[in-house]
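J.: Got a sequence here, can you build the structure:
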Amino acid sequence: MMEIELISFGKISDFIKNQTIVLTDISNTDELKAFLETSFPALANIKYKFALNNNLVQENRNISNHDTVAIMPPFSGG
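T.: Coordinates of the predicted model:
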């Protein structure tokens, strides 16, 4: 069992509020994605990225106790 901080941005924050969640049987970002899309079905219908401890996740990454995971919708620079 582990505790992570979940931070959401943009339209995602409309249905996932910033919170600390307790996870069991989840050890990486792929498993977290599946868990969140089951818990928040609206998330499955949009594109988003994770940032783990302020680093953008490009591939599956391990999650540790007390990590911070941000969920971000697509964004563009200018």
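
J.: what residues are up against the spatially most central residue of the chain?
T.: The structure's the chain has its C-alpha centroid closest to residue 71; by C-alpha atoms, centre = their mean the separation is 4.4 Å. The contact partners of residue 71, taken as C-beta atoms under 8 Å, 6 or more residues apart in numbering, are 6-9, 12, 16, 36, 43, 48-50. All C-beta spots, glycine's among them, are computed from the backbone N, C-alpha and C.

J.: what about burial for these, which qualify?
T.: Neighbour counting with 16 or more other C-beta atoms under 10 Å marks 6-9, 12, 16, 36, 43, 48, 50 as buried within the contacts of residue 71.

J.: residue ranges for the strands of this structure, please.
T.: Listed in chain order, the strands of the chain (DSSP state E) span 2-8, 19-23, 49-52, 55-56, 68-72.

J.: Centre of the chain to the second one, how far?
T.: Spelled out, it's strand 19-23. Here strand 19-23 is found 11 Å from its chain centre; the criterion is C-alpha atoms, centre = their mean, to the nearest Å.
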